[in-house]
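> build me a model:
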Amino acid sequence: MSQRLDVLVAIVSLIAATRPQADVRGMSNDDAKPDEVGAGGAAFVRSGDPGDPSIDLSPPTYWWDHTVPVELTAYAAGGETSQQVLDGWLMAIGQAVEADRTLGGRCSYLDVSAPIDGETSAPGAVPLGWADFTITASYETTSPLG
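As a prediction, this is how the structure comes out:
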């Protein structure tokens, strides 16, 4: 498995571990963005953009800052608004990142952006909260395809 894919799969696992009852999808050819959001919420992780690497020539080393978009959605639950549920989930993700900034040695540094959030509603439907943010994984490879 390439370093790029290894990091992406680890990010999906990190998010899934922070909210086990959520439907977490991404990084699989079989995964499509969910049409419906279950009671536990949903997360969708996109493969993102590794950008253009910085390159060291001797030996050849490619330094990537891979930006990975993450979309979270949740309903109000347990007396909390959807935004409070999402805030708790975001805090859990932030704590997981802080606890292991290297994803178990898969990257040299992992960071998150501030979320953009809001609520979507339709007449007669329960409002759905959402939050979008990015995780940036910094890692190196010996090949531009790695």
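> close enough to count as contact, residue 136 and residue 111?
Yes. Look at residue 136 against residue 111 with CB atoms under 8 Å: they come within range, at 5.0 Å. C-beta coordinates here come from the backbone N, C-alpha and C atoms, glycine included.
> so which elements touch the lengthiest helix in the chain?
In the chain, assigned by DSSP state H, the helix with the most residues is helix 82-99. Applying 3 or more CB pairs under 8 Å, 6 or more residues apart in numbering; DSSP states H and E, one finds that helix 82-99 makes contact with helix 3-18, strand 60-74, strand 109-112, strand 116-120, strand 128-141.
> and it, what's buried?
82, 83, 85, 86, 87, 89, 90, 93, 96, 97 (16 or more other CB atoms under 10 Å).
> now stretch 15-24
In stretch 15-24, counting by 16+ other CB under 10 Å, buried: 15, 16, 18, 19, 22, 23, 24.
> quick check: chain neighbours aside, which residue is closest to the second one?
Distance criterion CB to CB, 6 or more residues apart in numbering; nearest residue to residue 16, sequence neighbours excluded, is residue 24 at 4.1 Å.
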